[in-house]
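>>> I would like the atomic coordinates for the input below:
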Amino acid sequence: MTSPQPASPPESPLAIPDFRFFLLARFFANWGTIPMVVILGYQLYETARGPLYGMGIRDAAFLLGLLGLVQFVPLFLLAPVTGWTADRFERRTVVRTANGVDLLISVALAAATWSGTLTLPLLFALAALHGAARGFIGPASSSIVPNIVPPELLPRAIAMSTIAWQGAAISGPAIAGYLYAANTTAPYVMSSVSLAISILALTPIRRVVPPPMAADRHPLRQMLDGLTYVGGHKFLLGAITLDLFAVLLGGATALLPVYAYDILKVGSGGLGAFRAAIAIGSAAVALWFAFRPLKNNVGVKMLAAVAAFGAFTAVFGLSTSMPLSLVALAGIGACDMFSVYVRSSLVQLHTPDAMRGRVSAVSGVAISASNELGEVQSGLFAALLGPVGAVVFGGVAAVAVALGWAYIFPELRRARTFAPPESLLSNADLQERPA
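Predicted coordinates:
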């Protein structure tokens, strides 16, 4: 009798059943949460400008900045706990529980919208709760993929995962915007159903239990290990903070309701088109990388993409044409996806599995800080300079960040491939050190 031949390794992440279920779950999770957040922001601006509060454009725009802040604060405060949770408990369960919280938020928004009881305090409170839930989803979800996909397929898996994310970001807000125009409750019903499907889709995936933590190390010390690890590896620090400061200064998404409502006057449907344009640009780049992975000069190309992100942002800020605005937003999405793809691949491949949850939490805080605190910055500068001045200033600042980081962190310029150096793979820092 001949001995059975060993199974050949998969040639694509899609050949792995667990990864296919993960893609399905990721799509529907984002098809639920992204439209929910977009419509929540539009409702907040609409409510502030409406007869109940009667705010002017600049004051209502400033509230959009505060909306970002209330989402960021709980995520920031909980970051040590969320990363530790992803490295301590079964990761699917963490994601499903956090998605369940978002499901409750969407149901509450549907009920308040249907009954006409929406107020600014309620919208801010539900946004803060979403920020806390998202803090748990990010580290646990990003730590699942390296456990179900071989390292050599990880960059392609990240690209495919982003396609699922962007597919939801393209279709979700656009559909939600038109649903909102027809029935203000409908987008939240869509979000609730989508989140329920996402929770179910995670169930068939095999259990993802992280490696055991050092028994002699206090949980508080374990929670801080992710920050210590990133701070001790300048390469990771540079990659994470590049995204932090570029999007913190250059993000324009917080002011999209202002452009839709008052500048281009295209309403909630136009707002959905804005968000879809960003997602189309992102998805196009992700689709390209899914089949043609980036291999050479990854660091320099990431820096160039961040600079282009800032340039497209400035173009959008100055545009008074809907077609030009959509093209600029698609460029923003494409450049942002390029940077995210490179940074995500580098962070995951340069981090040991025992630390992935906590390092992902640090990265997640940086991403959230860039997004939510970027919204605060946009709202504040919109109050001072007007919305157009705020967006243009942010785009120019993002270009300056890319140029500055090229010299502050030369390790980024020198990164030729995604593979970590051999010294890092054998370094004792990959393991938790005793207290």
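>>> residues contacting the closest residue to residue 108 other than its chain neighbours?
Sequence neighbours aside, residue 126 is the residue nearest to residue 108 in space, at 6.1 Å (criterion: Cβ to Cβ, 6 or more residues apart in numbering). In short, each C-beta sits where N, CA and C put it, glycine included. Residues in contact with residue 126 (Cβ atoms under 8 Å, 6 or more residues apart in numbering) are 40, 105, 108-109.
>>> surely residue 266 meets residue 273?
Yes - counting by Cβ atoms under 8 Å, residue 266 does reach residue 273; the two are 7.2 Å apart.
>>> which of these two has more neighbours?
The residue with more neighbours, out of residue 266 and residue 273, is residue 273; 21 against 17, by other Cβ atoms under 10 Å.
>>> could you list the low-confidence segments of the stretch 251-400 of the chain?
Applying pLDDT under 70 to the stretch 251-400 of the chain flags residues 251, 349-350, 352-376.
>>> where along it do the helices fall?
256-258, 267-291, 298-318, 322-349, 356-368, 374-408 (DSSP state H, counting those that start in this stretch).
>>> how about those, which one is nearest residue 183?
Residue 183 sits nearest to helix 267-291 of all those, at 11.8 Å, using Cβ to Cβ.
>>> flag every buried residue along that closest one.
268, 270-290 (16 or more other Cβ atoms under 10 Å).
>>> same check on stretch 179-198?
179-180, 184-192, 194-196, 198.
>>> of these, which is the nearest to residue 24?
Of the buried residues of stretch 179-198, the one sitting nearest to residue 24 (Cβ to Cβ) turns out to be residue 198, at 7.9 Å.
>>> counting by contacts, list what the helix or strand harbouring that closest one packs against.
In this assignment (DSSP states H and E), residue 198 forms part of helix 186-202. If contacts are counted by 3 or more Cβ pairs under 8 Å, 6 or more residues apart in numbering; DSSP states H and E, helix 186-202 sits against helix 17-49, helix 91-115, helix 154-182.
>>> any chance of those in JSON lines, plus mean pLDDT?
Converted to JSON lines, the helices and strands packed on helix 186-202 look like this (pLDDT from 0 to 100):
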{"stretch": "helix 17-49", "mean pLDDT": "89"}
{"stretch": "helix 91-115", "mean pLDDT": "93"}
{"stretch": "helix 154-182", "mean pLDDT": "81"}
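>>> what's the pLDDT at residue 1?
Note for residue 1: predicted pLDDT of 46.
>>> and for residue 6?
49.
>>> adjust the sequence numbering to begin at 386 for everything that follows.
Got it, first residue is 386 now, which makes that one residue 391.
>>> and residue 500, how many neighbours?
9.
>>> go on, the one 10 residues further on?
Residue neighbour count, defined by other Cβ under 10 Å, stands at 14 for residue 510.
>>> list the contacts of it.
So residue 510 contacts nothing (Cβ under 8 Å, 6+ apart).
>>> please, which helix or strand holds it?
Counting by DSSP H and E, residue 510 is part of helix 505-533.
>>> on that earlier part again, residue 625 is nearest to which of the helices of the stretch 636-785 of the chain?
helix 741-753 (4.8 Å).
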